[in-house]
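Engineer: Show me how the following folds:
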Amino acid sequence: AATKRMAMMQVNTSIQPGNTSPEVKDLFVKRAAERNVVSEVVGFIEEGDADFASNACNFLGDMAFNSNFASQLILTEFDRIMVCFKHAFKLAVSQELVRSFVSLCANIVATSPGSHRHLVPL
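Structural biologist: Purely as a prediction, here's the structure:
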């Protein structure tokens, strides 16, 4: 798990907006889908460490940025994410975690208009 966490942190910088071409990002998202990366990253959020959950959420937000396909992948796991964040909000765990979650939601809504049914109840 530690190796996967480190890999996620290293890749996150590469997929941030402006750091890679749209073609390379599309290829990354397709490969991530083949390897079930979104589910694994959501598992990091579920572990409960606020700082790492924030990093994992930022990774998903960067992945979703300008990518309807990535947003759709993330939405398949969104119920799991919501459980974690509802719990975190009740405990007022971390402002950074809340910011990361809001940013993820904004990126999903911006690229996937059909996502509103998942996000409006929040």
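
Engineer: so who does the residue positioned nearest the centre of the chain touch?
Structural biologist: Taking Cα atoms, centre = their mean as the criterion, residue 60 is the residue nearest the geometric centre of the chain, at 2.0 Å. By Cβ atoms under 8 Å, 6 or more residues apart in numbering, the contact list for residue 60 reads 38, 41, 42, 74, 81, 104. From N, CA and C alone the C-beta is placed, and that goes for glycine too.

Engineer: from those residues, which is closest to residue 15?
Structural biologist: residue 41 (11.9 Å; Cβ to Cβ).

Engineer: Number of residues surrounding the closest one?
Structural biologist: For residue 41, the neighbour count with other Cβ atoms under 10 Å is 25.

Engineer: quick revisit: in helices only, show me the contacts of residue 60.
Structural biologist: If you go by DSSP state H, the contacts of residue 60 have 38, 41, 42, 74, 81, 104 in helices.

Engineer: What does the residue nearest to the centre of the chain show for phi and psi?
Structural biologist: The phi and psi torsions at residue 60 (degrees, to the nearest 10) take the values phi -60, psi -40.

Engineer: now the helices: where do they sit in this structure?
Structural biologist: Counting by DSSP H, the helices of the chain are 2-15, 22-34, 37-46, 50-64, 68-75, 78-91, 95-111, 116-119.

Engineer: Return the most buried member of these.
Structural biologist: Comparing the helices of the chain by mean neighbour count (mean count of other Cβ atoms under 10 Å), helix 50-64 ranks first with a mean of 23.

Engineer: Having no further points to raise, I will conclude here.
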